[in-house]
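Enquirer: Give me a 3D structure for the following:
(one chain, ligands or ions: 1)
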Amino acid sequence: MRSAVLAWFRRDLRLGDNPAWADATSSADAVAALVVVEPPLLAAAGRWRRQAYLAALDGLDQSLRESGAALWVAVGDPAEVVPRVAEQIGAARVVVNADVTRWSTARDRKVSQALAVPMVGHWGTVVHPPGSVLTTAKTLSRVFTPFYKRWVQATLPPAAYSGSAKILDPPQEFTIAATLKDLTSDSWNERQALDQVTGWLNRVNTYHDRRDQFAEAGTSRLSVALHFGLVSPRYLAEVLDTENDGGASFVRQLAWRDWYTHLTAEHPDIDRVSLRPQFERIEWTSGPEAEARFCAWRDGMTGYPIVDCAMRELAATGWMHNRLRMIAASFLVKDLLVDWRWGERWFRRMLADGDLAQNAGNWQWVAGTGPDAAPYFRIFNPVVQSRRFDPQGNHLRRWLPELTRLTDHDIHAPWQATPLDLAAAGVTLDCEYPSPIVDHAEARKQTIAAYQQAISQTR
Ligand SMILES: Cc1cc2nc3c(=O)[nH]c(=O)nc-3n(C[C@H](O)[C@H](O)[C@H](O)COP(=O)(O)OP(=O)(O)OC[C@H]3O[C@@H](n4cnc5c(N)ncnc54)[C@H](O)[C@@H]3O)c2cc1C
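Expert: Predicted coordinates for the structure are as follows:
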C-alpha cells in the first residue's frame, strides 16, 4: 500500500531547504501540503502582515503547482482540520517546522493530542535550533556576545532537499480559490524572495557602513521573507561570505534573530514580563496621561520629527528601518515613560515583519529590561540621532510634508527655528505641526529616576 504523509506549513512557506517538506517528500510515496489559516492569528495581524501572509500562501500554491499539485487550504481550528485531512489522505505522520511562541506550542500540543498518528517537528525558521547553542554549563547565554561566539562556530545543519513523493491535489473544497476567494490578490513566492537574496548578495559588502543610514537602502529588507519562511535563514548563513565586513555584520544579525528565538523558547512570556524582574516595579505613566502620550506617539504627532516620520511610515507601509525602530521605541519608553508592552503590541500589529520573539526581544533591549539590553540610562537624543543619520532630512521630508520647507538644520527640531524661519517655511507650531510633547532633557531625568527607584525597591 502507498504510504502518505501530511506536511502542515505554518511560518515556513517555501519548498526549498525546508526540513519538514524534505522529510515528508523523501519518506513517503505521497504527500499533501496543507495550510490552516487561523482566524485569531489573522485578526491579530495588521493590514500589512495579513497582506504579506496571504500573498505568500498564493506563492506557495504556485510553487507547488509547478511541482505537480496544489496547496490544500482550510480556514479554522487546526485541532479539527489537521486530523481530518490526515485521515482523508491516510497519512501515517504529520510533519511540521516547530515554532516557539506560546500560541504555537499550545496549538501544536492540542493538534498532537487530537491526531491518531504522530506529529513530527523539525526546525526550518532559524539557523540553529533552540537548545543547540549553549554555554559549557548547558544553559542559554543571557549575554549576546558569548552566544554569538558559540553560534558562529556551531556546524550548520545540512541543507534539506525535497524528495520525489507524489504531491496530492486537494479536493475542490480545499483549493485556495475556494477557501480564500477574494482575500488573495497579490502573489509572492520563494523564487521572488531568492531573487531578492541574489540582489542583496551584490550589495552586502557595504552593509556594515550603511546599515544605520535609514534614508538609504542599506539593509536587505529580508525580514518579511524571513518571518514567513520564504527564505531559509540557514541558507543565508551558508551563502554569505563572512570574510568581508559586510557579510560578517549581516550574519551577526541572523544570530540576534536566533538568540531572540532561543530566549523566547525559554521565556514564552517575553512579550509580557520584563526579563530583568527589578524593572517590573517601574512606575510607568498611567491613566489618561499615558493614553494621550501613547496616541500622540502612535499617530506620529509627538512634535519630534524623527519619531513622527517613523510612526507615520509604519502606519502607511508596515515598514520601519531598524535605527528608526530603536529611536521610536526609545522615545515611547524613555521620553514618554509609557510601558514598553504598549509599544510592543502596536509594532507587532503594524509591522509586516511583526514577530513576537524579534519584536518583544528588541523592545526589551530598548527598554533596558532584557537580559543583554541597552543600559537603562542610555537614552537616545532624538534630535542628535536625526541629524546624525539623516543630515539632509530626506526621510523626514518624505513623511512630514508639512515640514518640507524648513532648512536642513531646522527640520530636525522645528521648535528651535526662529519665528521668521518658521513663517518662511509656512509652519506654525501647534497648527501645521505640534510642539514637542515633552522636553527631552527633563524627560530623561524623570525616566532615570523612575528606573533608579525600581532598582532601589528591589534591594
Ligand atoms: C523595537 C524594535 C522592534 C523590532 N521588531 C521586529 C519584528 O517584529 N520583526 C523582525 O523581524 N525584526 C524586528 N526588529 C529587528 C530589526 O529592526 C528588523 O529585523 C530589521 O529592521 C529588518 O530589516 P532588514 O531585513 O532590512 O534587516 P537587515 O539589517 O538586512 O538584517 C538582516 C536580518 O537580520 C535580522 N535582524 C536584523 N536586525 C535584527 C535585530 N535587531 N534583532 C533580531 N533580528 C534582526 C532580521 O531577520 C533581518 O531581516 C525590531 C527592532 C527593534 C529595535
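Enquirer: count of neighbours near residue 66?
Expert: Around residue 66 there are 9 other residues, counting by other C-beta atoms under 10 Å. In short, each C-beta sits where N, CA and C put it, glycine included.
Enquirer: Up against the ligand, what does the stretch 101-250 of the chain have?
Expert: Residues of the stretch 101-250 of the chain found near the ligand (C-beta under 6 Å from any ligand atom) are 211, 219-223, 226-227, 250.
Enquirer: Using pLDDT, spot the least trustworthy of the residues you listed.
Expert: The pLDDT minimum for these sits at residue 211, where the score is 93.
Enquirer: List the contacts of that one.
Expert: Contacts for residue 211 (C-beta atoms under 8 Å, 6 or more residues apart in numbering) come out as 218-219, 249, 322.
Enquirer: circling back: using ChimeraX, define a selection of the buried residues within the residues of the stretch 101-250 of the chain next to the ligand.
Expert: To isolate the buried ones among those in ChimeraX, judged by 16 or more other C-beta atoms under 10 Å, type:
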select :211,219,220,222,223,226,227,250
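Enquirer: Now intersect the residues of the stretch 101-250 of the chain next to the ligand with the helices, please.
Expert: The helices, defined by DSSP state H, take in 223, 226-227, 250 from those.
Enquirer: Now do the strands in the chain.
Expert: Assigned strands in the chain, in chain order: 4-9, 30-37, 72-75, 91-97, 119-122, 166-167 (criterion: DSSP state E).
Enquirer: Tell me which of the ones you listed sits most buried.
Expert: strand 4-9 (a mean of 26; mean count of other C-beta atoms under 10 Å).
Enquirer: What separation do you get for residue 389 and residue 353?
Expert: 20 Å (C-beta to C-beta, to the nearest Å).
Enquirer: more neighbours, the two?
Expert: Using other C-beta under 10 Å, the more surrounded residue of residue 389 and residue 353 is residue 353, with 22 against 18.
Enquirer: who touches the nearest residue to the more buried one once chain neighbours are set aside in this structure?
Expert: Leaving aside its sequence neighbours, residue 353 sits nearest to residue 223 (C-beta to C-beta, 6 or more residues apart in numbering; 3.8 Å). By C-beta under 8 Å, 6+ apart, the residues touching residue 223 are 353, 355, 358.
Enquirer: can you redo those as JSON lines with distance to residue 198?
Expert: Below are these laid out as JSON lines (distance: C-beta to C-beta, whole Å):
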{"residue": "353", "distance to residue 198": "20"}
{"residue": "355", "distance to residue 198": "24"}
{"residue": "358", "distance to residue 198": "24"}
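Enquirer: So which of these reach the ligand?
Expert: Okay, of these touching the ligand (C-beta under 6 Å from any ligand atom), that's 353, 355, 358.
Enquirer: Look at the nearest residue to the last one once chain neighbours are set aside and report its pLDDT.
Expert: Beyond its immediate neighbours in the sequence, the residue positioned closest to residue 358 (C-beta to C-beta, 6+ apart) is residue 260, lying 5.3 Å away. The predicted local distance difference test score for residue 260 is 98.
Enquirer: residue contacts, residue 260?
Expert: Taking C-beta under 8 Å, 6+ apart, one finds 270, 357-358, 360-362 in contact with residue 260.
Enquirer: Count the neighbours of residue 444 for me.
Expert: 17.
Enquirer: Much appreciated, bye for now.
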